[in-house]
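Visitor: Next comes the sequence, and after it the predicted model I'd like to discuss.
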Amino acid sequence: MAFDRNNLSVLAYANGFTLWHYRSSDAAAAVDSAGYFNTASEMLRVGDMILANVDTSNGIFVVNANSGGVVDVADLTNFAAADTD
């Protein structure tokens, strides 16, 4: 699949930083590929964080590059740690 702008929403904004939420059935490896978020390049800034529910993973992506309309995010930091209790 491809990026769906309708599934990207702002959770919080302050001092030039935005916390986003994104939901997709795409695999995390596809979402963190350079270029996936290009159509949102005018909104995303380096350092922004994207809380994500993708494929079977939940976690956070951090925007690590946005230049010339090409957006790249770091690999997903997964929140699905084991719960022993």
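Guide: Arrived safely. Numbers count the residues shown, from 1 in each chain.

Visitor: Direction included, what does the helix or strand of the chain with the lowest mean pLDDT pair against?
Guide: Least confident element among the helices and strands of the chain, by mean pLDDT, DSSP states H and E: strand 77-78 (a mean of 90). Strand 77-78 pairs in its sheet with strand 57-67 (antiparallel), by DSSP bridges.

Visitor: what residue lies at the spatial centre of this structure?
Guide: Geometric centre of the chain, nearest residue: I50, 3.9 Å, by Cα atoms, centre = their mean.

Visitor: which secondary structure element contains it?
Guide: strand 49-54 (DSSP states H and E).

Visitor: wait, doesn't T18 sit right on A12?
Guide: Yes: counting by Cβ atoms under 8 Å, A12 is a contact partner of T18 at 7.3 Å. Yep, even glycine has a C-beta here, placed from its N, CA and C like the rest.

Visitor: Show me which of these two is the more surrounded one.
Guide: Neighbour count, other Cβ atoms under 10 Å: between T18 and A12, T18 has more, with 17 against 10.

Visitor: Write down the beta-bridge partners of the more buried one, one by one.
Guide: Beta-bridge partners recorded for T18 (DSSP bridges): Y13.
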